[in-house]
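> After the sequence you'll find the predicted model.
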Amino acid sequence: MIPLSILDLAPVPQGTDVSRALANTIDLARHAEDLGYSRYWLAEHHNMLGIASAATAVLIGAVAAATRTIRVGAGGVMLPNHAPLVIAEQFGTLAALHPGRIDLGLGRAPGSDQATAQALRRTLSGDIDAFPQDVMELMHWFAPAEPGQRIIANPGEGQDVPIWILGSSTYGAQLAAHLGLPYAFASHFAPGEMMRAIQVYRDGFRPSERLAAPYVMLGYNVFAAETDDAAVLLFTSLQQAFVNLRSGRPGKLPPPRAGYGETLSGPERAMIDQALACSAVGSAATVRARIEEFVARTGADELMVTSQIWDHDARRRSLAVLAGAWGLPASD
């Protein structure tokens, strides 16, 4: 069985606040570690009431401090929002505090709207097309310093922080292949180019000092419960959130809504079916069968599971059902 990992957007459920969402993230990370998941990643988003992981490096530090063995990282940091040196210092600090446990996934999207991106950067003169150069600069800051080097990332210099390229198109696949880095595809919400991106990455991969062979991790939604019907009800929270977001009404994560699918228009249903095609929703047997088919079809080396479930206890149970179904080795 391939490894399973967790992508947590630190969702803020309706009826709660950011403090509760962050406490849920800490609790879920400990739970994931106990269940045998490999990584626990957090994603950078801004100006979204339903997501509490904007200060991604800060939250990664809190999760790493609250756990013992699970790898913790960014899935990802949106590099155009930051100077590469700053990210090297942040993740160099995290790696110094938690040796051998920190991952750094990099994306080129802003993780926000354009007005918010400008507020983050103070200027939009920086071009997302400079992403490859920014990635290479970041790798430079992590490399051992040369004699006489005037600027050093400290912490950061000489730190072994694995770098991943994230993407939802063939652009990231080409870059990851060229640099010889592992590749994570956002199939959990944008599966359209998944198979093509995987092929581009594997066909073009050039071995590097960081990675000898291509390594593909795919995003995947999992909503697991005791029965198929119970899981389908949990899934309606994510469906509502997607419709709200695409309709220009983003907000906190809604509670489940029985019969929600019957209220959708044809275009709304088509949008959900396309965007959330990479999902397993059901009991342990249903979820395992769905994931086995997906892994066989894609050849994924690892899955990054995300579960936008309104009720925290139900989210904990979903991870436990999946871990049992997949046979993850629980930690001591």
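Arrived safely, thanks for sending.
> Please spell out the segments of the protein that come in under the pLDDT threshold.
110-112, 121-128, 332 (pLDDT under 70).
> quick one: furthest residue from the center of it?
Most distant residue from the mean C-alpha position of the chain: Gly148, 37.8 Å away (C-alpha atoms, centre = their mean).
> Name the SS class of it, please.
Classification of Gly148 into helix, strand or coil gives coil, according to DSSP: H, G, I helix; E, B strand; the rest coil.
> Okay, buried residues for stretch 284-304 please.
Buried positions in stretch 284-304, judged by neighbour count with 16 or more other C-beta atoms under 10 Å: 284, 286-288, 290-291, 294-295, 298, 300-304. Where C-beta positions appear, they are placed from N, C-alpha and C, glycine not excepted.
> What I need now is these written out in JSON lines, including secondary structure and distance to Gln199 for each item.
Shown next, in JSON lines, are the buried residues of stretch 284-304 (DSSP: H, G, I helix; E, B strand; the rest coil; distance: C-beta to C-beta, whole Å):
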{"residue": "Ala284", "secondary structure": "helix", "distance to Gln199": "32"}
{"residue": "Thr286", "secondary structure": "helix", "distance to Gln199": "29"}
{"residue": "Val287", "secondary structure": "helix", "distance to Gln199": "27"}
{"residue": "Arg288", "secondary structure": "helix", "distance to Gln199": "26"}
{"residue": "Arg290", "secondary structure": "helix", "distance to Gln199": "22"}
{"residue": "Ile291", "secondary structure": "helix", "distance to Gln199": "21"}
{"residue": "Phe294", "secondary structure": "helix", "distance to Gln199": "16"}
{"residue": "Val295", "secondary structure": "helix", "distance to Gln199": "16"}
{"residue": "Thr298", "secondary structure": "helix", "distance to Gln199": "10"}
{"residue": "Ala300", "secondary structure": "coil", "distance to Gln199": "13"}
{"residue": "Asp301", "secondary structure": "coil", "distance to Gln199": "15"}
{"residue": "Glu302", "secondary structure": "strand", "distance to Gln199": "18"}
{"residue": "Leu303", "secondary structure": "strand", "distance to Gln199": "18"}
{"residue": "Met304", "secondary structure": "strand", "distance to Gln199": "19"}
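> For Asp203, state which of the residues you listed is nearest.
Closest approach to Asp203 among the buried residues of stretch 284-304 (C-beta to C-beta): Thr298, at 14.8 Å.
> how much space between the closest one and Ala115?
Going from Thr298 to Ala115 by C-beta to C-beta, to the nearest Å gives 36 Å.
> again, but for Ile309
To Ala115, Ile309 is 30 Å away according to C-beta to C-beta.
> Which one's more surrounded, those two?
With neighbours defined as other C-beta atoms under 10 Å, Ile309 and Ala115 compare such that Ile309 has more, 26 against 10.
> Neighbours of the residue nearest to that one when sequence neighbours are not counted, how many?
Nearest in space to Ile309, with sequence neighbours left out and distances taken as C-beta to C-beta, 6 or more residues apart in numbering, is Arg315 at 3.9 Å. Applying other C-beta under 10 Å, we find 24 other residues in the vicinity of Arg315.
> Arg315 looks like it's in a helix, true?
Yes. Counting by three-state DSSP, one finds Arg315 located in a helix.
> Can we start the residue count at 43 from this point?
That works, and once the first residue is 43, the last one we named lands at Arg357.
> picking that back up, nearest to Val285, of the buried residues of stretch 326-346?
Top of the list for closeness to Val285, among the buried residues of stretch 326-346 and by C-beta to C-beta, is Arg332 at 22.6 Å.
> Please look at the closest one and Gly324 and confirm they touch.
Yes. In terms of C-beta atoms under 8 Å, Arg332 counts as a neighbour of Gly324; the distance is 7.2 Å.
> ok so, going back, nearest to Pro292, out of the buried residues of stretch 326-346: which one, please.
Among the buried residues of stretch 326-346, Met346 lies closest to Pro292 (C-beta to C-beta), at 22.3 Å.
> Show me where the protein has its strands.
Residue ranges of the strands in the chain, as given by DSSP state E, are 46-50, 81-84, 113-120, 144-149, 205-209, 225-227, 258-266, 321-324, 344-348.
> just these: most buried one?
Across the strands of the chain, the average number of neighbours (mean count of other C-beta atoms under 10 Å) peaks for strand 225-227, which reaches a mean of 29.
> Check which residues of stretch 97-104 are buried.
Applying a neighbour-count criterion of 16+ other C-beta under 10 Å, the buried positions in stretch 97-104 are Thr98, Ala99, Leu101, Ile102, Gly103, Ala104.
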